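*Asks:* Any chance you can model this:
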Amino acid sequence: MWIKASCRLSENVFLLATQVSTHFLVSDDLTALTDTGISAVHSQLKSEIDAAFFEGQTLNYLLITHSHFDHVGGVPLLRRAFPKIELVVSKETAELLRNRDNLEQTFEKNRACAEAMRAPYDISLDDWCAAFVPERVLGDGDVVKLGE
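*Replies:* Below is the predicted model of the structure:
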């Protein structure tokens with residue numbers, strides 16, 4: 001079942017929905033978003049994030065589950081919106097995000113989606129690639145704490 005509307009799932013967990021993807025926003029002292037969908041729905045995802053926030057909250061972490069184009073397309077754009085955000089990935093995903101050919105492919109696939117959806121796509125390939133340097137690379141047993 002695909003939930004097509006954003007909603008609060010619990011006190012600290014929101015389900016954020018766009019036209020083509022769903023995401024978990026988990027919030028306590030710090031806030032994390034799982035994956036970012038494609039870049040074409042970035043403005044919708046940003047609006048959903050803003051609507052879920054309490055006054056003064058910001059997005060602290062992007063937790064990327066894997067590097068497919070439809071899971072990472074919003075990373076560069078969310079980094080613009082939340083300049084202090086930390087990109088958190090697994091070792092395997094970090095390796096793929098270091099590969100320029102892989103990043104070029106995700107860039108082109110997101111550009112094609114944006115074109116098909118008539119959405120703006122105002123980022124250069126170099127800026128795209130620069131956005132994918134992770135601040136944290138997690139291994140087995142590592143934890144990202146959002147609260148005490």
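
*Asks:* Would you pull up how far stretch 14-27 lies from the middle of the chain?
*Replies:* Centroid separation for stretch 14-27 versus its chain: 10 Å, with CA atoms, centre = their mean, to the nearest Å.

*Asks:* What about E11, how many residues nearby?
*Replies:* Residues lying near E11 (other CB atoms under 10 Å) number 7. For every residue, glycine as well, the C-beta is placed using N, CA and C.

*Asks:* ranges for the strands of this protein?
*Replies:* 7-8, 13-17, 22-27, 31-34, 61-63, 86-90, 136-138 (DSSP state E).

*Asks:* Those: which one's closest to L103?
*Replies:* strand 86-90 (13.1 Å; CB to CB).

*Asks:* Same list (the strands of the chain) but as JSON lines, adding mean neighbour count and distance to L78.
*Replies:* Formatted as JSON lines, the strands of the chain follow (neighbours: other CB atoms under 10 Å; distance: least, CB to CB, whole Å):
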{"stretch": "strand 7-8", "mean neighbour count": "11", "distance to L78": "21"}
{"stretch": "strand 13-17", "mean neighbour count": "19", "distance to L78": "12"}
{"stretch": "strand 22-27", "mean neighbour count": "19", "distance to L78": "11"}
{"stretch": "strand 31-34", "mean neighbour count": "21", "distance to L78": "8"}
{"stretch": "strand 61-63", "mean neighbour count": "21", "distance to L78": "6"}
{"stretch": "strand 86-90", "mean neighbour count": "21", "distance to L78": "9"}
{"stretch": "strand 136-138", "mean neighbour count": "15", "distance to L78": "16"}
